[in-house]
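Undergrad: What follows is a predicted structure for the sequence shown.
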Amino acid sequence: MQEWYTAIQSADTIDKIEEVRLAIFGKKGIMAAEFARMKEVPDDQKGTFAKELNVHKEALNNLLLDRKLFLAMAHLEATMKLEALDVTLYSPTVERGSLHPVMETMDRIVEYFTTMNFAVHTGPMVEDDFHNFEALNLPKYHPARDMQDTFYFKDGSLLRTHTSPVQIRTMMNTQPPIRMIAPGSVFRRDYDITHTPMFHQVEGLVVEEEGKVSFANLKFILEDFLKTMFGEVEVRFRPSFFPFTEPSAEVDISCIFCAGSGCRVCSKTGWLEVLGCGIVDPNVFKAVGYEKVSGYAFGLGVERFAMLIHRIGDLRSLFEGDVRLLEQFR
Ligand code: DAH
């Protein structure tokens, strides 16, 4: 019997212990064989024989269970060690990108106007003189062309200086009523802390049957828009001039940095100019062949909005591609 105790003790895997278990307690195991030997034992010794055998049976069984538990625990521990995660181990982190502040501002502007039922139209960046100037009531040699230093190609085409040509294209391709905005990049020969050769504008145009829209509608929507973008600000309309609108106005908000008391950003005026607008000039409608309509238009610079919202001092920093700038907007 003693060798079976040793066999259990020296089984060192779960498989081996199972083998030993079968060899002892299986149908053809030694326990069965021992009990079968009972027949041969003389009657007066049968009692002691059976008692002894039962003592072994129980002892072996207990030892077997203990050993099995021990091996199972050892196995578990070994696998845990093997699969352990070292949480202190270095792993390269994945950087999350962010929207460029100009694009994020553009998205907010577009979202406001689409919510107000404006359709979004786009046009080409390489334009011709007719769409960029002529049809917008800016005939050749008109002094107002100087306001927009233009990049020309040799063939006379040009990089659009504003998004207003999209007004012209939309009016020529569709019929009123029109309620649209045109977001996009525009180009001018300019470079200083508030000007870059490429920047972004959003143009707006509403055209209805004659008499159905007025300056009051324009004033309402722009005031609501500016309050959505900048919060509770004062909005002021100042008479101005644009060739494509008559009357025209420039729109100011009360300075968001000093609440109107006068600071460096607003040049001590208390006001910040944010967009241009007006009632569409009859000459523009004439150029696209529209009759008996009225409408309003507006145009704004997206960078100007982004600079004010995010308090960015130098416009050029928006286009230098320095990730440290972008990281501030995550
Ligand atoms: N196109 C003008 C510019 O680039 C902006 C503008 C002003 C657009 C007034 C308009 C408007 O439609 O009514 O400076």
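TA: Sure, I can see it. Residues are numbered from 1 along each chain as shown.
Undergrad: After the strand or helix carrying Arg179, which helix or strand is next? Please name it.
TA: Applying DSSP states H and E as the criterion places Arg179 in strand 178-187. Using DSSP H and E, the helix or strand that directly follows strand 178-187 along the chain is strand 198-209.
Undergrad: and that next one, how far from the chain's centre?
TA: From the chain centre to the centre of strand 198-209 is a distance of 26 Å (C-alpha atoms, centre = their mean, to the nearest Å).
Undergrad: just to revisit the earlier point, partners of the strand holding Arg179 in the sheet?
TA: strand 119-120 (parallel), strand 198-209 (antiparallel) (DSSP bridges).
Undergrad: Return it as PDB; C-alpha atoms alone will do.
TA: Provided in PDB are the C-alpha atoms of strand 178-187 (Å, rounded to 0.1, in the frame of the first residue of the first chain):
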ATOM      1  CA  ILE A 178     -33.400  81.900 -52.700                       C
ATOM      2  CA  ARG A 179     -32.200  81.500 -49.200                       C
ATOM      3  CA  MET A 180     -28.500  80.500 -49.200                       C
ATOM      4  CA  ILE A 181     -25.100  80.800 -47.600                       C
ATOM      5  CA  ALA A 182     -21.800  80.200 -49.400                       C
ATOM      6  CA  PRO A 183     -18.900  79.300 -47.100                       C
ATOM      7  CA  GLY A 184     -15.400  79.000 -48.600                       C
ATOM      8  CA  SER A 185     -11.800  80.200 -49.000                       C
ATOM      9  CA  VAL A 186     -11.000  83.500 -50.700                       C
ATOM     10  CA  PHE A 187      -7.700  85.100 -51.700                       C
END
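Undergrad: before we move on, the earlier item: just the strands paired with strand 178-187: most buried one?
TA: strand 198-209 (a mean of 21; mean count of other C-beta atoms under 10 Å). Where C-beta positions appear, they are placed from N, C-alpha and C, glycine not excepted.
Undergrad: quick check: mean pLDDT across that strand?
TA: Throughout strand 198-209, pLDDT has a mean value of 97.
Undergrad: Now Pro239. Its backbone dihedrals?
TA: When quoted as degrees, to the nearest 10, the phi and psi of Pro239 stand at phi -60, psi 140.
Undergrad: how many other residues sit next to it?
TA: By other C-beta atoms under 10 Å, 9 other residues sit near Pro239.
Undergrad: what sits against it?
TA: By C-beta atoms under 8 Å, 6 or more residues apart in numbering, the contact set of Pro239 is Pro247, Ser248, Ala249.
Undergrad: Beta-bridge partners for it, please?
TA: Under the criterion used (DSSP bridges), Pro239 bridges to Ala249.
Undergrad: mind checking how far it is from Ala182?
TA: 25 Å (C-beta to C-beta, to the nearest Å).
Undergrad: now swap in Lys51 and tell me
TA: For Lys51, the distance to Ala182 - C-beta to C-beta - is 104 Å.
Undergrad: Between those two, which is the more surrounded one?
TA: Neighbours were tallied for Lys51 and for Ala182 using other C-beta under 10 Å; the higher tally belongs to Ala182 (24 against 10).
Undergrad: quick revisit: which one among the contacts of Pro239 gets closest to Lys46?
TA: Nearest to Lys46 among the contacts of Pro239, counting by C-beta to C-beta, is Ala249 at 121.1 Å.
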